[in-house]
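In: from the sequence below, what's the structure:
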Amino acid sequence: MSGIAASLQRLWDHRQGVGTNSQAMKYLNQDYEVLRQRCFQTGQLFQDEYFPAQTSSLGFNELGKDSYKVRGVSWKRPRELVSEPKFIVSGANRTDICQGALGDCWLLAAIASLTLNEEVLARVVPRDQSFMDGEYVGIFHFQFWQFGEWVDVVIDDRLPVRGEELLFVHSAEGREFWSALLEKAYAKLNGCYEALSGGSTTEGFEDFTGGIAEAHELSRPHPHLFHIIQKALDRGSLMGCSIDLSGQRNLHLDRNFFLRHASAARSETFISLREVCSRFCLPPGEYLIVPSTYEPNKNGDFCVRVFSEKQADFQELEDPVESRVEKIQISEDDVDDRFRGLFGQLAGQDCEISAFELQKILNKVVTKRSDIQTDGFSIATCRNMINLLDKDGSGKLGLVEFKVLWTKIENYLNIYRSKDVDKTGTMSSVEMRTAVQEADTFNALDRDGSGTVELNMMEWLNVSML
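Out: As a prediction, the model looks like this:
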């Protein structure tokens with residue numbers, strides 16, 4: 001169907017009420033009643049071809065096919081897990097929602113709030129669904145609001161499990177499966193389960209109601225906040241709350257951080273021992289534990305164990321490595337006559353430099369330098385440089401593009417020489433950290449896990465260019 005015809009059809013459907021809650025759009029053109037009757041006629045349980053019981057439905061990265069997190073995961077129907085599964089037991093409530101191995105607590109909070117409003121719950125979770133004989137054929141459906149219209153999402157009841165336990169959302173009751181099936185339908189609507197990892201509760205509120213979400217920060221409360229909350233409750237609005245636990249986790253722990261923040265406690269001894277143990281009594285708060293080597297500027301691996309009398313949460317803090325490089329802006333007018341003449345000699349008749357020509361030029365230059373020990377630039381490195389700077393897609397570098405490349409190489413060479421403090425021709429991780437703050441990219445090349453990255457000049461330039 002052409003774009004115009006599709007638009008006209010959609011406009012006609014809207015005028016007929018399609019897309020409203022009473023007449024939801026059939027997601028992926030799957031008609032729940034038609035599919036259900038077909039299963040009764042064939043005597044087979046429904047299998048959803050659009051959201052199959054495969055790894056592709058789990059995720060694409062951390063839950064992708066090659067991830068260790070999906071090892072041992074299989075798909076089972078509720079009747080394979082318990083003897084008498086139920087869709088809803090004694091009404092839906094907040095205890096029906098327990099988080100699994102997915103970071104979708106935002107969605108769970110929205111579902112929990114949904115259970116407090118039976119009218120809205122019935123709109124999202126149709127009640128005409130059951131595991132009873134004569135009614136069950138392995139197919140369920142749920143309704144969500146998406147981009148201005150309600151859609152009816154059909155799923156089968158094959159759920160991801162590890163062993164005999166549901167992998168994701170599950171009910172504390174054990175025999176109840178409406179929340180797990182709702183999560184699966186929402187995952188199908190968003191492409192996969194992993195797509196639900198990370199989000200905002202207000203997103204769930206909007207998709208469950210079609211309403212407009214409003215957020216209030218208690219640190220800067222609205223003068224009539226209590227009245228607003230009362231009014232929202234009277235109108236049956238869904239509400240939730242959250243607290244900010246981020247604290248100071250994104251701090252860059254450079255020298256200035258430790259100069260400005262005094263230590264709350266420290267170990268009694270600072271000697272060269274395999275293990276140091278200390279006992280502290282600290283007021284409630286957020287603390288940063290910093291292990292260190294006995295000698296400065298050394299790399300080390302640490303096993304930090306903390307035993308606390310009260311419940312405490314822990315999170316490993318990765319110190320971000322940031323780059324703040326000014327973009328090189330060069331126009332043809334900025335190229336001086338000397339460089340222009342040199343380029344003409346090097347580029348030849350086509351006035352462009354290929355990867356092979358670039359390799360020849362760079363290797364000729366570096367072999368004349370006594371302070372650089374290198375085997376030269378590889379053709380792969382030269383191709384990478386050209387691909388990153390080739391704006392017109394010719395596969396070669398023109399005058400301005402070559403000038404930008406030459407300027408970058410000179411800058412990176414200066415950085416490499418200045419940060420190679422011990423003048424060994426290689427860079428430790430400490431030297432690398434200071435170097436990448438001036439270069440434009442970072443690539444961890446600690447191949448053997450030794451804590452030291454060894455780069456010759458050509459490897460450094462290749463990393464910088466990439």
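
In: as a check, name the ranges of all helices in the stretch 51-200 of the chain.
Out: For the stretch 51-200 of the chain, applying DSSP state H, counting those that start in this stretch gives helices covering 55-58, 78-81, 105-114, 118-124, 178-190.

In: make TSV from those and add mean pLDDT and mean neighbour count to it.
Out: No exception for glycine: its C-beta is placed from N, CA and C like everyone else's. Compiled in TSV, the helices of the stretch 51-200 of the chain are given as follows (pLDDT from 0 to 100; neighbours: other CB atoms under 10 Å):
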stretch	mean pLDDT	mean neighbour count
helix 55-58	94	19
helix 78-81	94	17
helix 105-114	88	22
helix 118-124	90	16
helix 178-190	94	23
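
In: tell me which of the ones you listed sits nearest to H170.
Out: Across the helices of the stretch 51-200 of the chain, H170 has its closest neighbour in helix 178-190 (5.7 Å, CB to CB).

In: what's the closest of the helices of the stretch 51-200 of the chain to P291?
Out: Comparing the helices of the stretch 51-200 of the chain by their distance to P291 (CB to CB), the top pick is helix 105-114, with 30.3 Å.

In: what's the span of stretch 174-183, first residue to last?
Out: From its first residue to its last, stretch 174-183 covers 16 Å (CA to CA, to the nearest Å).

In: stretch 423-431 too?
Out: Stretch 423-431 end-to-end distance (CA to CA) = 11 Å.

In: tell me the mean pLDDT for that stretch?
Out: Stretch 423-431 shows a mean pLDDT of 68 in the predicted model.

In: and E214, how far is that from R123?
Out: Separation of E214 from R123 (CB to CB, to the nearest Å) stands at 20 Å.

In: hmm, back to that, just put the helices of the stretch 51-200 of the chain in JSON lines and tack on distance to T374.
Out: Formatted as JSON lines, the helices of the stretch 51-200 of the chain follow (distance: least, CB to CB, whole Å):
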{"stretch": "helix 55-58", "distance to T374": "44"}
{"stretch": "helix 78-81", "distance to T374": "62"}
{"stretch": "helix 105-114", "distance to T374": "51"}
{"stretch": "helix 118-124", "distance to T374": "64"}
{"stretch": "helix 178-190", "distance to T374": "49"}
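
In: so which of these comes closest to T42?
Out: Proximity to T42 (CB to CB) singles out helix 78-81 among those, at 18.0 Å.

In: using PDB, list the CA coordinates for the closest one.
Out: Presented in PDB, the C-alpha positions along helix 78-81 are these (Å, rounded to 0.1, in the frame of the first residue of the first chain):
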ATOM      1  CA  PRO A  78       3.000 -21.900  33.000                       C
ATOM      2  CA  ARG A  79       1.400 -25.300  32.800                       C
ATOM      3  CA  GLU A  80       5.000 -26.800  32.600                       C
ATOM      4  CA  LEU A  81       6.000 -24.900  35.700                       C
END
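
In: what residues does it touch?
Out: Helix 78-81 has contacts (CB atoms under 8 Å, 6 or more residues apart in numbering) with 85, 131, 136, 157, 159, 161, 164, 166, 177.

In: quick one: buried ones out of the residues you listed?
Out: 85, 131, 136, 157, 159, 161, 166, 177 (16 or more other CB atoms under 10 Å).

In: mind listing which of those residues are in strands?
Out: 159, 161, 166 (DSSP state E).

In: does the first one touch R77 like I think?
Out: By that I understand L159. Yes: in this structure, L159 is within contact of R77 by CB atoms under 8 Å, at 7.3 Å.

In: now the top helix by length along the chain: buried residues?
Out: When the chain is scanned for its longest helix (criterion: DSSP state H), the result is helix 399-419. By neighbour count with 16+ other CB under 10 Å, helix 399-419 contains the buried residues 399-406, 408-409, 411-413, 415-416, 419.

In: helix, strand or coil for the nearest residue to V276 once chain neighbours are set aside?
Out: Leaving aside its sequence neighbours, V276 sits nearest to S267 (CB to CB, 6 or more residues apart in numbering; 4.9 Å). Secondary structure for S267, judged by DSSP: H, G, I helix; E, B strand; the rest coil, is coil.

In: wait, S267 sits on S278?
Out: Yes: with contacts counted by CB under 8 Å, S267 reaches S278, the gap being 4.6 Å.

In: which one of those two has more residues nearby?
Out: Counted by other CB atoms under 10 Å, S267 and S278 do not tie: S267 has more neighbours, with 13 against 9.
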